[in-house]
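K.L.:
How does the following fold in three dimensions:
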Amino acid sequence: MKILVIDDDIELCDLLREYLEQEGFTVAALHEAKDGLAAALSGDHDFLILDVMLPGCNGFDLLRQLRHFSAIPVIMLTARGDEIDRIVGLELGADDYLPKPFNPRELVARIRAIQRRGEHGSGVRPAAPGKIVADDITLDLGTRTVYQKETKVVLTAVEFSLLHALIKRIGQVITREDLAQEVLGRKLELFDRSIDVHISSLRKKLGHQLHGVERIKAIRGVGYLYARTAKVS
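P.N.:
Numbers count the residues shown, from 1 in each chain. The predicted structure follows:
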């Protein structure tokens, strides 16, 4: 897998390149937003590690522009303890975040978790090999694409995995902690709103209701469920 690192900390980039290459990844590093955006849009990379603070253009602006054209998985590097940066990054389409300073092993774990593909579950019917259907939503697990009726819905890697986790257990409540483990590959931290922000994004992209029923329901103090309706087959 080819990873692009965009961070103006040259020493950190060198350390990440050395560590990630030992883990079998191919790594390129850039230090300015303009060059980084062009490289991220080139299609030459499979994953992006993006710092919030960049000269000339911050990481949020870069991510906002990137998401108009690309669903490449993104982990944002944020200042430790800056919860606002984390939430903003997730709302703009980042798949996950990692506060600085961090252990490179944790970064590798999060990269692999985002790339992991879930297995088929129950609650929906197979539409074709590698596809599952629930109401107006079709998930193609092979290409990791989603269609709402005939329209393609562009989701990030984590959003796809989250939707898959919910739909394969349609009508069942899944705790936020279980969703975090399955989708993000990690435990939720104290006051961690990652799952909630990704759920909010899914609701916006898919619509809040279907047949008068709330599509993704929040179960207060527990988690979420993808609601079963009369149209499920």
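K.L.:
going forward, measure contacts and count neighbours with C-alpha atoms only.
P.N.:
Will do.
K.L.:
pLDDT score for the nearest residue to Ile137 once chain neighbours are set aside?
P.N.:
Leaving out its chain neighbours, the residue that sits closest to Ile137 by C-alpha to C-alpha, 6 or more residues apart in numbering is Gln148, at 4.7 Å. pLDDT, Gln148: 92.
K.L.:
Begin at 630 from now on, thanks
P.N.:
Renumbered: residue one is now 630, and that last one reads Gln777.
K.L.:
Can you name the residues that contact Gln777?
P.N.:
765-767, 835 (C-alpha atoms under 8 Å, 6 or more residues apart in numbering).
K.L.:
Next secondary structure element downstream of the helix or strand of the chain with the lowest mean pLDDT?
P.N.:
Least confident helix or strand of the chain, by mean pLDDT, DSSP states H and E, is strand 754-757 with a mean of 48. Remark: after strand 754-757, the chain's next helix or strand is strand 760-763, criterion DSSP states H and E.
K.L.:
so Leu791 touches Arg805, yeah?
P.N.:
No: the pair Leu791 / Arg805 is not scored as a contact, 10.8 Å apart, by C-alpha atoms under 8 Å.
K.L.:
List the beta-bridge partners for the residue nearest to Ile766.
P.N.:
Per DSSP bridges, the residues bridged to Gln777 are Ile766, Thr780.
K.L.:
List the buried residues for stretch 827-837?
P.N.:
Buried residues in stretch 827-837, counted by 16 or more other C-alpha atoms under 10 Å: 827-828, 830-832, 835.
K.L.:
of the contacts of Gln777, closest to Leu644?
P.N.:
The shortest approach to Leu644 among these belongs to Leu835, at 40.0 Å (C-alpha to C-alpha).
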